[in-house]
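Engineer: Below is the sequence, then the predicted model.
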Amino acid sequence: ENANSIMLTTHENPDGDGLGAESGMYYHLIQQKKDVRIVNFSPLPNHYKYLNEDNIFECYDSTFHDKWISNLELVIIFDVGDYIRIRTLANPIEKFNIPTMNIDHHPHPDKNVFKFNIVDLTAAATGCMVYDYLKLVRKKPILKNSLLGIYTATMTDTGCFKYSNTDEKCHQIAIEALNVGIETHKIYQYIYE
């Protein structure tokens with residue numbers, strides 16, 4: 001809440017959970033009038049282009065991004081597993097001493113660089129943690145674009161709701177996605193077909 005300039009990022013070779021968590025949070029923060037951008041080490045994989053309708057995903061380029069990064073108040077890192085997986089994005093974060101927040105459902109080494117370390121090993125996906133956060137802080141329903149990301153994260157990390165980590169919350173996310181008009185069958189087609 002206190003940070004006005006925020007970068008969102010995830011691990012190299014991003015998957016549906018990292019990308020979905022980023023976009024889920026992005027649209028909420030934009031609505032809160034934050035200066036927020038998604039900057040990842042790796043380019044967006046083609047089968048997740050549907051998440052990029054508003055051109056929200058950027059691939060890190062030090063000559064282009066470092067000036068903006070130098071003024072950040074917070075970096076939120078999603079689904080990373082280990083900080084080194086953000087690769088060269090770690091350089092400006094450390095150089096400019098920017099506080100980092102880790103949001104993840106994977107265990108991390110005991111020694112880590114995160115100022116804020118939010119880990120829930122019981123969460124089916126990092127996107128589910130974003131869903132919980134938005135349910136807590138939003139006075140209005142979760143935005144459709146946020147739900148698109150959260151659904152993507154949940155669907156991919158549960159193996160299309162087949163894995164044992166699939167719980168009631170996962171199905172609630174799917175219900176909400178359907179209720180706002182997200183064509184969940186198309187998400188499956190984009191990613192797997």
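Structural biologist: It's in.
Engineer: contacts, neighbours, all on C-alpha from now
Structural biologist: Fine.
Engineer: which secondary structure elements does the biggest helix by length in the chain contact?
Structural biologist: When the chain is parsed with DSSP state H, its longest helix is helix 16-31. Judged by 3 or more Cα pairs under 8 Å, 6 or more residues apart in numbering; DSSP states H and E, helix 16-31 is in contact with strand 5-10, strand 35-40, strand 74-78, helix 126-137, helix 144-157.
Engineer: Buried deepest among those, which one?
Structural biologist: Across the helices and strands packed on helix 16-31, averaging neighbours per residue (mean count of other Cα atoms under 10 Å) puts helix 144-157 on top, at a mean of 27.
Engineer: That helix relative to helix 16-31, how many degrees between them?
Structural biologist: 170 degrees (axes from the mean of the first three to the mean of the last three Cα atoms, to 10 degrees).
Engineer: and the residue of the chain most remote from its centre, which of the three is it?
Structural biologist: For the chain, the largest distance from the centre (Cα atoms, centre = their mean) belongs to residue 63, which lies 24.0 Å off. When classified by DSSP: H, G, I helix; E, B strand; the rest coil, residue 63 comes out as helix.
Engineer: next one: the one 3 residues further on
Structural biologist: Secondary structure, three-state DSSP: residue 66 is helix.
Engineer: check contacts around it.
Structural biologist: residue 92 (Cα atoms under 8 Å, 6 or more residues apart in numbering).
Engineer: With the one 10 residues further on instead?
Structural biologist: Residue 76 is in contact with 6, 7, 8, 9, 100, 101, 102, 103, counting by Cα under 8 Å, 6+ apart.
Engineer: Now for the residues you listed: which two are most distant?
Structural biologist: For these, the maximum inter-member distance is 14.1 Å, found between 6 and 103 (Cα to Cα).
Engineer: How far away from the center of its chain is stretch 171-179?
Structural biologist: 18 Å (Cα atoms, centre = their mean, to the nearest Å).
Engineer: Stretch 94-113 now?
Structural biologist: 15 Å.
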